[in-house]
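Chemist: How does the following fold in three dimensions:
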Amino acid sequence: MQAASGGSVADNANSNARSDRARDHLANERTFLAWVRTGAAIVVFGFAIGRFSIAMRQLAAFGGHPVRTLGLSVWMGAGSIVAGVLLVVAGLVRYRKTRAQLDSATFEPAGFVVDLVTILTVVFGLVLAGYLIYTEKSLG
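Modeler: Got it, this is the predicted structure:
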């Protein structure tokens, strides 16, 4: 049996299957790169938090003002850097797992990882908000 494009129906089915497989793998790679971009942004954000805190203490000391701080900004920045690195590692693990599932036609969508990243992001955001409020009240 010939398909409209001149090839057999089986040839078209194989071509479509290869195209779908390539599309799935490319989508997996794009998702991994999104994990990497997000992780890198969190690392840079953490560095900015920590470095800004250090710069502010140095500026206050240089101006002869007493430095009143618990040093939480540096720890929050370091925690953010570690979280960003862990996010990239989690993205790599997810990429490799999804690639193996796509190759064996046993793909299962992620549930726990997405929930965990969401919960950690919300907790980190609430901690940052609480810290900002605490800092504002202690300076005022």
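Chemist: for residue 64, helix, strand, or coil?
Modeler: Of the three states, residue 64 takes coil under DSSP: H, G, I helix; E, B strand; the rest coil.
Chemist: Need the mean per-residue confidence for stretch 33-45.
Modeler: Mean pLDDT, stretch 33-45: 94.
Chemist: buried stuff in stretch 83-100?
Modeler: 83-84, 87-88, 91, 94-95, 98-99 (16 or more other Cβ atoms under 10 Å). To be clear about C-beta, it is placed using only N, CA and C from the backbone, and glycine gets the same treatment.
Chemist: which among those residues gets closest to residue 127?
Modeler: Closest approach to residue 127 among these (Cβ to Cβ): residue 83, at 11.4 Å.
Chemist: OK, contacts around the closest residue to that closest one other than its chain neighbours?
Modeler: If the residues on either side of it in the chain are set aside, residue 83 comes closest to residue 42, at 5.8 Å by Cβ to Cβ, 6 or more residues apart in numbering. Residues near residue 42 by Cβ atoms under 8 Å, 6 or more residues apart in numbering: 80-81, 83-84, 87.
Chemist: and residue 42, which of the three is it?
Modeler: helix.
Chemist: How about residue 106?
Modeler: For residue 106, the assignment made with three-state DSSP gives coil.
Chemist: what's around it, how many residues?
Modeler: The tally of other residues near residue 106 (other Cβ atoms under 10 Å) stands at 8.
Chemist: Would you reformat the buried residues of stretch 83-100 as CSV and include pLDDT, secondary structure and distance to residue 115?
Modeler: Shown next, in CSV, are the buried residues of stretch 83-100 (pLDDT from 0 to 100; DSSP: H, G, I helix; E, B strand; the rest coil; distance: Cβ to Cβ, whole Å):
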residue, pLDDT, secondary structure, distance to residue 115
83, 92, helix, 16
84, 93, helix, 19
87, 92, helix, 14
88, 95, helix, 19
91, 92, helix, 15
94, 92, helix, 13
95, 94, helix, 18
98, 93, helix, 17
99, 94, helix, 22
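Chemist: Noted, bye for now.
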